[in-house]
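**Student:** Quick one, fold the following:
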Amino acid sequence: MAKAWHLTSRPQGLPTIDNFALHDLPDGPLEPDQIRVRNHWLSVDPYMRGRMNDAKSYAASFQIDQPMTGGAIGEVLESTMEGFAPGDMILHMGGWRDGGVIGLDMMPNKLPADLLDAGMSPQTFLHNMGLTGGTAWIGLLRVASAKPGDTVFVSAAAGAVGSAVVQIAKAREMTVIGSAGSAEKCAWVLDLGADAVIDYKAGPVLPQLAQALQALGRPGIDVYFDNVGGEHLDAAFAVANDFARFAICGMIDIYNDGKAQEMKYLIRSIPARIRMEGFIYTDQFIDCMEEFYADMGGLIASGAVTIRETIHNGIETAPDAFLGLFRGQNIGKMLVKL
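**Tutor:** You can find the predicted model right below:
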């Protein structure tokens, strides 16, 4: 019998294992437009923390004592849904579980057989060919309108989204400064091609960022890709060039405590005419899906874009994998392998 993680109480601050429980899922014959799936990979992502609150947002809140959902890669075992047959590998939103029955509400999509046959691993559609890679591509190229010659600052550059931003920017001949939270992570960001990297755990962000710009001979940044908020965002305001563009993807600094840092340099948004835009991947993805798949697929095939995966094994480890995102325990994409 399939099992799924349920949210048993709404977290106060950083979630704990006590906020979750693993329960059996009901079993039975398929109804029309349903698929029985066995999941192979689960995604855990920072945005899921917001879904644990009882608050209006762009994604519906998880319901107490109900199965949680999220990105997953699975194999079709049985289907009454048109276009899906046993053996198909699919991307869907029936995550936080090892399998079971899903419907149209879980948005199942078949993985491209030609790419799988060419050797692309299925879990790539949970990172560089999926939500995180698409978020990076849309935020950098569509929202921030980044172009060759720009100087780009990326926070959480060793994460799944940030590492994709670094590589996409370098593939388009931009100068990139990344920020990460350990010597190992900083070294990896440099390996990805970043021109400079700062370790935000080694000292305040702004002096390090200013020093990196000086060493690169750059007067300021043209683009800031924000995954963190707080001190990083304020530092970006401080060193932004005129008409800089900020793509606001996430603010993991305040997801758990809700305490926003004072913005000392926010006032620079007026004289520097800084454009700051929050964005959600799904708002634009349908319009540019084919372009994204073609571009990112080519970058992956050429080796210009790679990923490191931090993998937890077994459905029982899903909460630990999720909580690890907020403890800095991942390099690249955090995944659960079933």
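**Student:** Please verify my assumption that Asp88 contacts Gly74.
**Tutor:** No - look at Asp88 against Gly74 with CB atoms under 8 Å: they stay out of range, at 9.3 Å. Heads up, the C-betas are built off the backbone N, CA and C, glycines and all.
**Student:** Which one's more surrounded, those two?
**Tutor:** Neighbour comparison, Asp88 and Gly74: the larger count goes to Gly74, with 29 against 18 (by other CB atoms under 10 Å).
**Student:** which residues sit in contact with the more buried one?
**Tutor:** Shown in contact with Gly74 (CB atoms under 8 Å, 6 or more residues apart in numbering): 37-40, 89-90, 92, 94, 99.
**Student:** now do 10 Å
**Tutor:** Shown in contact with Gly74 (CB atoms under 10 Å, 6 or more residues apart in numbering): 35-42, 88-92, 94-95, 97-100, 102, 106, 108, 122, 338.
**Student:** per-domain residue ranges of the protein.
**Tutor:** Domain assignment for the chain by automatic domain parsing gives 3-127+307-337, 131-281.
**Student:** on that earlier part again, list the residues that contact both of Asp88 and Gly74?
**Tutor:** Listed as contacting both Asp88 and Gly74 by CB under 10 Å, 6+ apart are 35, 37, 108.
**Student:** Any buried residues in the longest helix seen in the chain, and which?
**Tutor:** Secondary structure assigned by DSSP state H gives helix 281-302 as the longest helix of the chain. Across helix 281-302, burial judged by 16 or more other CB atoms under 10 Å covers 281, 284-285, 292-293, 295-297, 299-300.
**Student:** Quick check: the two most widely separated of those residues?
**Tutor:** Gln284 and Ile300 (20.5 Å; CB to CB).
**Student:** Tell me what Ser43 is bridged to.
**Tutor:** For Ser43, the beta-bridge partners are Leu335 (DSSP bridges).
**Student:** Return the per-residue confidence for it.
**Tutor:** Note for Ser43: predicted pLDDT of 98.
**Student:** how much space is there between it and His127?
**Tutor:** 8 Å (CB to CB, to the nearest Å).
**Student:** so what sits against both of these two?
**Tutor:** Shared contacts of Ser43 and His127, counting by CB under 10 Å, 6+ apart, come down to 71, 160, 333-335.
**Student:** which residues does Val166 contact?
**Tutor:** By CB under 10 Å, 6+ apart, Val166 lies in contact with 136, 140, 152, 154, 157-158, 174, 176-178, 188-190, 192-195, 197, 225, 305.
**Student:** what about 8 Å?
**Tutor:** 154, 157, 176, 178, 189, 192-194.
**Student:** Can you go through those and name the buried ones?
**Tutor:** By neighbour count, with 16+ other CB under 10 Å, these hold 154, 157, 176, 178, 189, 192, 194 as buried.
**Student:** okay, among those residues, which ones form the most distant pair?
**Tutor:** Maximum pairwise distance in those, criterion CB to CB, is 10.2 Å, between Val154 and Leu192.
**Student:** which residues do the two both contact?
**Tutor:** 166, 178.
**Student:** Just give the nearest non-adjacent residue to Val37, would you?
**Tutor:** Ranked by CB to CB, 6 or more residues apart in numbering and with sequence neighbours excluded, the top spatial neighbour of Val37 is Gly74, at 3.9 Å.
**Student:** ok so, going back, return the subset of the contacts of Val166 lying in helices.
**Tutor:** Val189.
**Student:** and the domains of the chain, which is most packed in?
**Tutor:** A comparison of those by mean neighbour count, using mean count of other CB atoms under 10 Å, puts domain 131-281 on top with a mean of 20.
**Student:** Spit out the contact partners of Leu14.
**Tutor:** So Leu14 contacts 256, 323, 326 (CB under 8 Å, 6+ apart).
**Student:** Leu126 now?
**Tutor:** By CB under 8 Å, 6+ apart, the residues touching Leu126 are 41, 43, 71-73, 91, 132, 333, 335.
**Student:** Provide the backbone phi and psi angles at it.
**Tutor:** Leu126 adopts backbone torsions of phi -100, psi -10, taken as degrees, to the nearest 10.
**Student:** cool, Leu209 as well?
**Tutor:** phi -70, psi -40.
**Student:** Distance-wise, check it relative to Glu184.
**Tutor:** Applying CB to CB, the value for Leu209 to Glu184 is 20 Å.
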